[in-house]
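>>> need a structure here:
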Amino acid sequence: MTLTASHRDLDLDVLEQLSSGAHSVAKQVVTDSPEITGCVVLATCNRFEVYLDVDDALLGQAQAAASVAVARTSGLPLDDVTDSLQARTGTEVARHLFAVASGLDSMVVGEREVAGQVRRALATARADGTTSATLERLFQQASRTSRAVGSRTPLGSTGRSVVSVALDLVAHELHQAGADLADARVLLIGTGSYAGASLTALRARGAQRVAVYSPSGRAEQFAADRGLEAVAPGELGHQLARADVVVSCSGALGPVVDAPMVAAARARGEGSDGGARPSILVDLALRHDIDPTVAHLPGVRLINLATVQEHSPGTVSPAVDAGLEIVEESAASFQATLAEQTVVPAVVALREHVEKVLEAELDRARGRGEAEQVERSLRRFAAAVLHTPAVRAR
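The predicted structure follows:
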């Protein structure tokens, strides 16, 4: 089963709270609830989902245990958590995850970044020891489905993503001021996979002067690997005053940039157009790398996930429909494989039983000196007996 919450159902601030303890949810669930065989948590900029491997007879118990774990790690009241998480079971679990991994349930429909997030969620569960054989198969099939949607529909070549929509808005703001990204100084905050995707998108739009700052102290290596300027610890305020555009996606547990810092930077920084720096700040973190009150400063434009959601472009319906067909086929195939796996123990037990009876009869035949002829007959009989139930079970 899966418990899900996304931008479709909740405000982003509620999602932020649900996700605040995502890194420890799976361990707590598996440790505190022996009836749950495995747990994988998928937390992205616009969704929070808990996938559970549990027997059908214990679904209600598992849902309650997972909700308690999320409430404990997020600090939200249990009733609020229960109301926020939508439960899915059976075929709906695979259908939902495959659509998510394919970008069909994203804030920006068709975006490809979520496929990597799905892979990393499984890798994290493996490292934490919380995955299971069934969840392994589910998430691996999700990745295969995502690749199929990307290669067999136009969605794979659209280049849509949260980052691309945000940078389109940045480009528009700069154009309004008579500038562009090629001339702008950019400060990138963060060194994770999302920062890497942001840098790729910035360079694709012509950005050349990019400095990187890391709250966790990893800027130097990230910058050296990519030919960027690294911002030393303690130099963030100085770099803010030099930057025309700030793009932040560090995943820190609290704001990295607040309104007083931006106000101070603008008081001493001047851009090439004569205006104060920085003038455009992009916050791609669910938990607000940039304090939302920055938006109230005169002359400052803050672009965050809510802004991206508001400006996300529509997607051509035939492409989405084609993607959903692939998802449906893949989900049906996965369920068939899962169903086959559930009857394997019964078929194996039947085979072992027939083999045991066969050997007993052969022992008696050997005692009468009729073993060779009787063995051939009995083995043909056993094969015939096993064939029909094995095929029907499959």
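>>> Direction included, what does the helix or strand that contains residue 187 pair against?
With secondary structure defined by DSSP states H and E, residue 187 is part of strand 185-189. Each strand that strand 185-189 pairs with, and the sense of that pairing, follows from DSSP bridges: strand 209-213 (parallel), strand 245-248 (parallel).
>>> List of residues touching that strand?
The set of residues that contact strand 185-189 without belonging to it, under CB atoms under 8 Å, 6 or more residues apart in numbering, is 195, 198-199, 202, 207, 209-215, 228, 231, 239-240, 242-250, 256-257, 271, 277-278, 289. From N, CA and C alone the C-beta is placed, and that goes for glycine too.
>>> repeat that with 7 Å
Residues external to strand 185-189 that are found in contact with it (CB atoms under 7 Å, 6 or more residues apart in numbering): 195, 198-199, 202, 207, 209-213, 239-240, 242-248, 250, 256, 289.
>>> ditto for stretch 37-50
Outside of stretch 37-50, the residues within contact range by CB under 7 Å, 6+ apart are 2-7, 15, 18-19, 22, 25-26, 29-30, 51-54, 66, 70, 106-107, 114, 117-118, 121-122, 125, 130-132, 134-135, 139, 162, 284, 286, 305.
>>> Would you mind checking those for buried ones?
By neighbour count, with 16 or more other CB atoms under 10 Å, the contacts of stretch 37-50 hold 2-7, 15, 18-19, 22, 25-26, 29-30, 51-54, 66, 70, 106-107, 114, 117-118, 121-122, 125, 130-132, 135, 139, 162, 284, 286, 305 as buried.
>>> In helices, which of the residues you listed appear?
Taking DSSP state H as the definition of helices, those contribute 15, 18-19, 22, 25-26, 29-30, 66, 70, 114, 117-118, 121-122, 125, 135, 139, 162, 305.
>>> Now the host helix or strand of residue 340: average pLDDT?
With secondary structure defined by DSSP H and E, residue 340 is part of helix 317-367. The predicted model assigns helix 317-367 a mean pLDDT of 80.
>>> Summarise which helices and strands it is packed against.
When contacts are defined as 3 or more CB pairs under 7 Å, 6 or more residues apart in numbering; DSSP states H and E, helix 317-367 sits against helix 91-101, helix 133-152, helix 371-393.
>>> Distance to residue 352 added to those, as JSON lines?
Putting the helices and strands packed on helix 317-367 into JSON lines (distance: least, CB to CB, whole Å) gives the following:
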{"stretch": "helix 91-101", "distance to residue 352": "31"}
{"stretch": "helix 133-152", "distance to residue 352": "22"}
{"stretch": "helix 371-393", "distance to residue 352": "11"}
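>>> Which of these sits closest to residue 300?
Minimum separation from residue 300 across those (CB to CB) falls at helix 91-101, 33.8 Å.
>>> residues in contact with the closest one?
Residues outside helix 91-101 that contact it (CB under 7 Å, 6+ apart) are 1-2, 4, 88, 105, 114-115, 118, 138, 142-143, 145-146, 324, 327-328, 330-331, 334-335.
>>> Work out the gap between stretch 171-183 and the centre of the chain.
When distances are taken as CA atoms, centre = their mean, to the nearest Å, stretch 171-183 is centred 32 Å away from the chain's centroid.
>>> buried stuff in that stretch?
Neighbour-count burial for stretch 171-183, counted by 16+ other CB under 10 Å, picks out 171, 174, 179, 181, 183.
>>> OK, contacts around residue 256?
Applying CB under 7 Å, 6+ apart, the residues contacting residue 256 are 189, 215, 248, 250, 289.
>>> In the residues you listed, which residue is surrounded by the most others?
When neighbours are counted as other CB atoms under 10 Å, the busiest of the contacts of residue 256 turns out to be residue 189, with 32 neighbours.
>>> Show residues contacting stretch 286-297.
Contacting residues not belonging to stretch 286-297 are listed as 12, 15-16, 19-20, 45, 189, 248-250, 252-253, 255-259, 262-263, 281, 283, 300, 302, 305 [CB under 7 Å, 6+ apart].
>>> tell me the angle the lowest-mean-pLDDT helix or strand in the chain makes with helix 317-367.
Of all the helices and strands that make up the chain, helix 371-393 has the lowest average by mean pLDDT, DSSP states H and E, namely a mean of 72. Using axes from the mean of the first three to the mean of the last three CA atoms, to 10 degrees, the interaxial angle of helix 371-393 with respect to helix 317-367 works out to 160 degrees.
>>> Now find how far off-centre helix 371-393 is within its chain.
The answer for helix 371-393 is 49 Å, by CA atoms, centre = their mean.
>>> Check stretch 230-246 too.
Centroid separation between stretch 230-246 and its chain, computed with CA atoms, centre = their mean, is 30 Å.
>>> Pull out the buried residues from it.
Of the residues in stretch 230-246, those buried (16+ other CB under 10 Å) are 230-231, 236, 239-246.
>>> Equivalent analysis for stretch 64-71, please.
Of the residues in stretch 64-71, those buried by neighbour count under the rule 16+ other CB under 10 Å are 65-71.
>>> Under the pLDDT cut-off, which ranges of the chain? List them.
Counting by pLDDT under 70, the ranges of the chain that qualify are 156-159, 253, 269-275, 313-316, 342-344, 347, 367-371, 390, 393-394.
>>> ok, back up a step: let me know the closest of the buried residues of stretch 64-71 to residue 340.
residue 66 (27.5 Å).
>>> What separation do you get for the nearest residue to residue 190 once chain neighbours are set aside and residue 219?
Nearest in space to residue 190, with sequence neighbours left out and distances taken as CB to CB, 6 or more residues apart in numbering, is residue 250 at 3.6 Å. To residue 219, residue 250 is 10 Å away according to CB to CB, to the nearest Å.
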